[in-house]
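*Asks:* Here is my input; please provide its structure:
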Amino acid sequence: MFGGVYQGKRILITGHTGFKGSWLTLWLKQLGAETAGYALPPATTPNHFGLIDPEMQSFLNDVRDYDALVKCFTAFRPEAVFHLAAQPLVRESYLSPRETFAANVQGTVNVLEACRNCAAVQAVIVISSDKCYENREWVWGYRETDPLGGYDPYSASKGAAELAANSYRNAFFNPADFGRKHHTLLASCRAGNVVGGGDWASDRLVPDIMRAAAAGIPVKLRHPEATRPWQHVLEPLSGYLAVGQQLLAGNSDFSGAWNFGPAADAAVTVREVTEMIRRHWPEMRCEFCAGDQPHEAGLLKLDCSKARVLLKWHGIWDGAATFERTVNWYRNYYEHKLISSRDDLQQYIAAASAKGMAWTR
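*Replies:* The predicted structure is shown next:
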């Protein structure tokens, strides 16, 4: 897979104890990479990172602590860095805006600066969000060249982090100077809402539903008609790894921003998500509540044409398969104490191989 480029490579994942970071760690370990992680301790009990328990070096600290970050880079000397560490919740950003901007903007700058000063680094992949765009609630998807912005502090912090990454790419990791003035390529990746087993973050749709279903109580949900590009967590991870493959191969044309999301017609509402979940957990009950809620985007889509044309990337599991896999993961955990992450990964790879995806070779 991925041309064997990750075999034996030293890969640093910031945010490896988080939901998406732990899944990326699992995949990189399977690819034969020598992995290390830099992050705060897991924020929930239980947590996916603890359940899969990967053998790796863990530097437990904050990305806002630049000195600690430098010590990590000096000790591990990564060849590639996947930067996922962030404050990831919209509603939390209303409660803690200063902390959100500090973690998501200054934390990103700290990681980029540590990369700039580490001679071993060849590839940097900054993981952002579809919320980095100036959302005008229009019906077509945002392209990588559309304006950045953000209404709420979380979204604005992601837009600002993208600007910081673009500045470092131009000033220090310019693709035009690759091989002459420097040997590092930088990309940023923007994905929509991801779901999958092992997410227990508060104030997220699927974890809230899973917790309530397991407890036999109704879950209260807001914004039933909000539309999001839902996808299984393994979908954008395959895109991130495909971008990393190209950067590690020295292909400077792949430096830049990338969108990873489902097909344009795959975005569904919160209400439709609950209906798909109920097919696999019939006991699930929900109540839609109104009231005074902080502003959140109602409609948000990505245009992923760039990834589909240049990386030959596209999604593998449709919405039905995504929510079936996700619900079954939680039911296996709650009812049988089984962790099916490795099986999900193998099933995803097999489905991608059957569809002839370029990264499976």
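
*Asks:* Between the two ends of stretch 257-276, what distance do you get?
*Replies:* Start and end residues of stretch 257-276 are separated by 32 Å (CA to CA, to the nearest Å).

*Asks:* Run the chain-centre distance for that stretch.
*Replies:* Centroid separation between stretch 257-276 and its chain, computed with CA atoms, centre = their mean, to the nearest Å, is 15 Å.

*Asks:* what mean pLDDT would you report for it?
*Replies:* Averaged across stretch 257-276, pLDDT comes to 85.

*Asks:* repeat for stretch 335-350
*Replies:* For stretch 335-350, mean pLDDT is 98.

*Asks:* Outside of that stretch itself, list whatever touches it.
*Replies:* 1, 23, 26-27, 30, 48, 51-52, 196-198, 232, 234, 238, 316-317, 325, 328-329, 332-333, 360 (CB atoms under 8 Å, 6 or more residues apart in numbering). (C-beta placed from N, C-alpha, C; glycine too.)

*Asks:* cutoff 6 Å now
*Replies:* With contact meaning CB atoms under 6 Å, 6 or more residues apart in numbering, stretch 335-350 is reached by 51-52, 234, 325, 329, 332.

*Asks:* For it, buried residues please.
*Replies:* Residues of stretch 335-350 classed as buried by neighbour count (16 or more other CB atoms under 10 Å): 339-341, 344-345, 347-349.

*Asks:* likewise stretch 252-271?
*Replies:* Residues of stretch 252-271 classed as buried: 252, 254-262, 266-270 (neighbour count, 16+ other CB under 10 Å).

*Asks:* now the helix or strand of the chain with the lowest mean pLDDT, how far from the chain's geometric center?
*Replies:* Counting by mean pLDDT, DSSP states H and E, the chain has its least confident helix or strand at strand 227-228, which shows a mean of 76. Put simply, strand 227-228 sits 17 Å off its chain's centre (CA atoms, centre = their mean).

*Asks:* So what are the sheet partners of the following helix or strand past that strand and their directions?
*Replies:* Downstream of strand 227-228, the next assigned helix or strand under DSSP states H and E is strand 231-232. Strand 231-232 sits in its sheet next to strand 194-195 (parallel), going by DSSP bridges.

*Asks:* now the strand it pairs with, how far from the centre of its chain.
*Replies:* Centroid separation for strand 194-195 versus its chain: 9 Å, with CA atoms, centre = their mean.

*Asks:* State the distance from the residue of the chain most remote from its centre to S167.
*Replies:* Using CA atoms, centre = their mean, the residue of the chain lying farthest from its centre is R180. It sits 31.9 Å away. Applying CB to CB, to the nearest Å, the value for R180 to S167 is 20 Å.

*Asks:* which residues in the stretch 151-300 of the chain form strands?
*Replies:* All strands of the stretch 151-300 of the chain, identified by DSSP state E, counting those that start in this stretch, fall at 185-191, 194-195, 219-221, 227-228, 231-232, 256-260, 268-269, 286-288.

*Asks:* Kindly provide the distance from the residue nearest to C289 when sequence neighbours are not counted to D203.
*Replies:* Distances taken as CB to CB, 6 or more residues apart in numbering put K220 closest to C289, at 4.8 Å, once the chain neighbours are dropped. Distance, K220 to D203, using CB to CB: 11 Å.
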